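Asks: sequence first, then the predicted structure:
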Amino acid sequence: MGLSQLNATIDCDELCFWGKINGLKNDYYIAVGLKFVDMYEFPTKTFFWALSTTFEFKEMPSLNTQHCDKINADTSYFLGEPTKTIFSVKKEGEEGEEEPKAEDEEEEQ
């Protein structure tokens, strides 16, 4: 049902179920929208995610490689809570308090 609703609201040539990521509290369902216009061999891809509790798909934000080292070094279990802070990062040029990073932002990078 969630994929049908997503397909009705986005502009893509094909919508595919990509897979499921199991979490301790919630699971994530991933979908990918493909656009083939003038790019048949290498279509434009847009990824979407939904929690197993709501099945409301949301577009994943663009990748940010700024924190790749910290993300790749993280060995904690995947909880499935998009608002959960995994680690904090300092803003550039600031001392002291660090800005929290949400789990859904981390997994999408």
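Replies: Now that the structure is in, tell me what you want to look at.

Asks: ranges for the helices of the chain?
Replies: Remark: helices assigned in the chain by DSSP state H are 2-9, 68-73, 103-107.

Asks: what's the closest of the ones you listed to residue 60?
Replies: helix 103-107 (8.3 Å; Cβ to Cβ). In this view, the C-beta of every residue, glycine as well, is placed from N, C-alpha and C.

Asks: for that closest one, what does the pLDDT average out to?
Replies: The average pLDDT within helix 103-107 is 48.

Asks: for stretch 6-16, same thing?
Replies: Stretch 6-16 carries an average pLDDT of 88.

Asks: okay, now the nearest residue to residue 1 once chain neighbours are set aside: neighbour count?
Replies: With Cβ to Cβ, 6 or more residues apart in numbering as the criterion, residue 1 has its nearest non-adjacent residue at 6.6 Å, and that residue is residue 55. Neighbours of residue 55 under the rule other Cβ atoms under 10 Å: 13.

Asks: need the contact list for residue 55.
Replies: 1, 2, 29 (Cβ atoms under 8 Å, 6 or more residues apart in numbering).

Asks: and it, how far from residue 3?
Replies: Here residue 55 is placed at a distance of 8 Å from residue 3 (Cβ to Cβ, to the nearest Å).

Asks: and the gap between residue 84 and residue 76?
Replies: 10 Å.

Asks: got it, and residue 87?
Replies: Here the criterion is Cβ to Cβ. By it, residue 87 lies 9 Å from residue 76.

Asks: and the strands in the protein?
Replies: Ranges of strands in the chain, per DSSP state E, are 14-21, 28-35, 44-51, 58-59, 85-89, 99-102.

Asks: go through those strands and name the closest to residue 8.
Replies: Closest among the strands of the chain, using Cβ to Cβ: strand 14-21, at 9.9 Å.

Asks: dump the closest one to PDB, restricted to CA.
Replies: The C-alpha trace of strand 14-21 is given here as PDB (Å, rounded to 0.1, in the frame of the first residue of the first chain):
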ATOM      1  CA  GLU A  14       9.600   2.800 -12.600                       C
ATOM      2  CA  LEU A  15       9.400   2.200  -8.800                       C
ATOM      3  CA  CYS A  16      11.100  -0.800  -7.300                       C
ATOM      4  CA  PHE A  17      11.200  -2.300  -3.900                       C
ATOM      5  CA  TRP A  18      15.000  -2.300  -3.000                       C
ATOM      6  CA  GLY A  19      14.900  -4.100   0.300                       C
ATOM      7  CA  LYS A  20      14.400  -4.200   4.000                       C
ATOM      8  CA  ILE A  21      16.900  -3.200   6.800                       C
END
